[in-house]
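Enquirer: the sequence and its predicted three-dimensional model are supplied below.
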Amino acid sequence: MTHLEGMGKSTANMEIDVLISTAGVGSRLHKISPDINKSLLPYSNKPIIYHIIEKIPHDLRIGILLGYKSQQVKDFLTFAYPERKFLYIDVDDWTSSKSGTKYSLMFARKFLSQSFWYFPCDGIYEDTEFLFEAFVEDVFIVSKIDKDKAFHYLTFKIQKQRIIEQFFKSTIVNGDYAFTGVMKINNKEDFFSKLEAAESNEFISVILQNSLVYVTDKWKDLGNFEMYQDAISKMGEFDFSKAGEYTYQLSNKIIKWWADPKIARLKLEKPTIKPEVFPKNIQSKNNFLSYDKSLGSPFYEQVNKKNFGTLLLWLKEQLWSPSEIDIRENLKDFYKNKTVNRINLLGDKKQTQSYNPKIINGIEVHSWQFYYEKIDWDFLTQNAKPSFIHGDLQFDNIIYEKSIKKFTLIDWRYDFSGLNSIGDLYYDFAKMLGGIYVNYQEIKKGKFDFSLEKNMVEIKVPSLDESKGLILILEDHARDLGLDVKKIKALVPLIFWNMAPLHNEPFASICWCLGLMNFEILEK
């Protein structure tokens with residue numbers, strides 16, 4: 001478990017064949033997150049820049065134009081490609097009136113091969129056969145575009161793979177093909193001589209009539225909020241990410257990013273104490289945490305009554321070490337104060353019908369204030385079981401390799417109201433119980449439904465097969481450890497309420513209503 005400083009692979013003497021630009025602020029994507037370089041926004045659980053690099057042949061040398069949030073790009077690439085060298089080229093201005101693709105390219109001029117490829121960092125190119133073509137002149141990669149979207153782009157009318165007309169973001173007349181931003185320049189000196197003479201800040205001003213194009217139908221533009229959201233939705237997945245946090249699932253490792261850099265560092269403490277239950281090769285640097293992908297698959301895919309019993313015995317032996325620390329004040333902060341803060345995060349949303357239904361799935365419910373005022377905080381905080389815990393022990397965070405009966409825990413909580421490794425054992429049990437009620441793995445696939453009609457809500461969420469049997473096993477193990485099952489159940493609606501402000505709609509409303517419904521069930 002290591003916090004790395006000064007990490008990175010680069011060389012100042014490398015002549016580059018492919019230039020990827022990540023320098024711009026990416027303001028059109030700031031609605032998603034202004035805290036991250038746009039090249040690191042996830043698509044299919046991997047950053048955009050990772051998709052680009054994976055398509056580039058290994059014998060081509062890559063340079064990265066850096067500007068906004070440049071260290072993030074360096075840190076990610078160092079974790080993702082520890083053996084690969086990149087040339088990092090820093091642009092000194094990416095915000096003023098003189099900034100633009102022309103200005104950025106000038107910084108790379110002396111490092112570029114005589115012929116080179118250029119990629120922007122806000123697109124996915126599933127078809128990169130063009131990289132293997134032996135073009136003997138400049139070529140510009142284009143894609144067929146719908147007329148109603150053409151005004152976003154530089155578009156061309158083409159004939160016999162040649163540009164015959166071009167239109168820049170025109171709402172009146174436009175071409176049938178959009179420029180993807182990818183180009184192959186065959187004569188560097190000729191290109192830069194034209195670029196220097198151009199009055200525009202953008203290199204597209206030197207694309208001339210009769211230039212050669214290559215048509216691809218495998219381009220996804222992720223360059224603005226609407227296009228990015230549309231591309232994500234077409235994958236049939238629900239964006240389960242929390243604000244200020246992303247998880248990247250690469251072929252052999254997991255890399256996590258947080259807007260708050262202290263989180264990655266604090267995440268190192270628990271694995272240092274019990275390395276045998278956590279992934280291998282855990283490292284952090286600035287905003288990132290990286291660790292090896294574990295053998296096996298999420299426990300959601302393998303859970304049954306037998307395996308669940310095996311898991312609980314393993315957790316008792318390997319994870320849950322009792323502690324003598326008095327954590328009652330920490331519990332007051334973690335259970336009560338955190339809940340108040342999370343409810344406040346909802347703002348005006350908690351006044352809407354989605355958060356104030358009268359009936360949920362046929363069950364009559366009261367207002368959320370009614371349930372909040374009846375919470376027995378003394379019962380939750382005084383009846384504690386201090387222990388080393390995971391802190392987010394739902395089954396997506398447990399990897400199981402059945403052939404060797406090996407469990408590995410991921411996505412552990414780094415802080416329990418000031419405690420880095422100790423927490424309330426009840427919380428781990430409540431997290432597991434909530435994960436039996438709601439299969440979060442299936443939620444991430446978009447397999448849920450939420451409907452509101454007047455003051456009636458209908459929720460459909462996937463739960464686990466054999467859920468009743470699993471709950472009985474959980475309760476038996478809890479009693480064996482001296483836990484009060486009533487408290488475990490009382491924590492579940494609080495967990496759902498605390499989740500609501502962290503997630504996107506409609507899952508946020510679902511979490512809130514699940515809280516209301518579980519509070520009502522506890523009342524009976």
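Expert: Right, received. Where do you want to start? Residues are numbered from 1 along each chain as shown.
Enquirer: and the helices in the stretch 201-350 of the chain?
Expert: Here the stretch 201-350 of the chain has its helices, by DSSP state H, counting those that start in this stretch, at 225-234, 261-266, 269-273, 305-318, 328-331, 338-345.
Enquirer: may I see the ones you listed arranged in TSV, with mean neighbour count, distance to residue 515 and mean pLDDT as well?
Expert: Any C-beta I mention is one placed from the backbone N, CA and C, and that applies to glycine too. Formatted as TSV, the helices of the stretch 201-350 of the chain follow (neighbours: other Cβ atoms under 10 Å; distance: least, Cβ to Cβ, whole Å; pLDDT from 0 to 100):
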stretch	mean neighbour count	distance to residue 515	mean pLDDT
helix 225-234	15	26	85
helix 261-266	17	26	96
helix 269-273	17	28	97
helix 305-318	16	24	97
helix 328-331	17	19	94
helix 338-345	14	10	96
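Enquirer: out of these, which comes closest to residue 89?
Expert: Among the helices of the stretch 201-350 of the chain, helix 261-266 comes nearest to residue 89, with 24.0 Å by Cβ to Cβ.
Enquirer: and the closest one, what does it pack onto?
Expert: strand 283-285, strand 288-292 (3 or more Cβ pairs under 8 Å, 6 or more residues apart in numbering; DSSP states H and E).
Enquirer: check contacts around the residue nearest the centre of the chain.
Expert: The centre of the chain sits closest to residue 246, judged by Cα atoms, centre = their mean, with a distance of 2.8 Å. By Cβ atoms under 8 Å, 6 or more residues apart in numbering, residue 246 lies in contact with 36, 40-42, 256-257.
Enquirer: how about those residues in TSV, adding neighbour count?
Expert: As requested, the contacts of residue 246 are exported to TSV (neighbours: other Cβ atoms under 10 Å):
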residue	neighbour count
36	25
40	27
41	20
42	21
256	20
257	27
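Enquirer: pick the one among the residues you listed closest to residue 504.
Expert: Using Cβ to Cβ, the contacts of residue 246 come closest to residue 504 at residue 42, 13.8 Å.
Enquirer: hey, what's the closest residue to that closest one other than its chain neighbours bridged with?
Expert: Nearest non-adjacent residue to residue 42, counting by Cβ to Cβ, 6 or more residues apart in numbering: residue 246, 5.4 Å away. Residue 246 forms beta bridges with residue 257, as assigned by DSSP bridges.
Enquirer: the helices of the stretch 201-350 of the chain into JSON lines, with extra columns for distance to residue 522?
Expert: Below are those laid out as JSON lines (distance: least, Cβ to Cβ, whole Å):
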{"stretch": "helix 225-234", "distance to residue 522": "36"}
{"stretch": "helix 261-266", "distance to residue 522": "33"}
{"stretch": "helix 269-273", "distance to residue 522": "31"}
{"stretch": "helix 305-318", "distance to residue 522": "23"}
{"stretch": "helix 328-331", "distance to residue 522": "19"}
{"stretch": "helix 338-345", "distance to residue 522": "15"}
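Enquirer: tell me which of those helices sits nearest to residue 72.
Expert: Of all these, helix 261-266 sits nearest to residue 72, with 9.8 Å by Cβ to Cβ.
Enquirer: list of residues touching the closest one?
Expert: Helix 261-266 has contacts (Cβ under 8 Å, 6+ apart) with 3, 256, 258, 284-289, 414-415, 420.
Enquirer: picking that back up, now the helices and strands packed on helix 261-266 in CSV, with mean pLDDT and mean neighbour count?
Expert: Formatted as CSV, those follow (pLDDT from 0 to 100; neighbours: other Cβ atoms under 10 Å):
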stretch, mean pLDDT, mean neighbour count
strand 283-285, 97, 22
strand 288-292, 98, 22
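Enquirer: on that earlier part again, ok, the residue nearest to the centre of the chain to residue 66 distance?
Expert: Between residue 246 and residue 66 the distance, using Cβ to Cβ, to the nearest Å, works out to 19 Å.
Enquirer: one more: residue 148?
Expert: Separation of residue 148 from residue 66 (Cβ to Cβ) stands at 35 Å.
Enquirer: run a quick neighbour tally on residue 471.
Expert: Residues contacting residue 471 under the criterion other Cβ atoms under 10 Å number 18.
Enquirer: report the contact partners of it.
Expert: Contact analysis of residue 471 by Cβ under 8 Å, 6+ apart lists 433, 436.
Enquirer: which phi and psi does it have?
Expert: phi -60, psi -40 (degrees, to the nearest 10).
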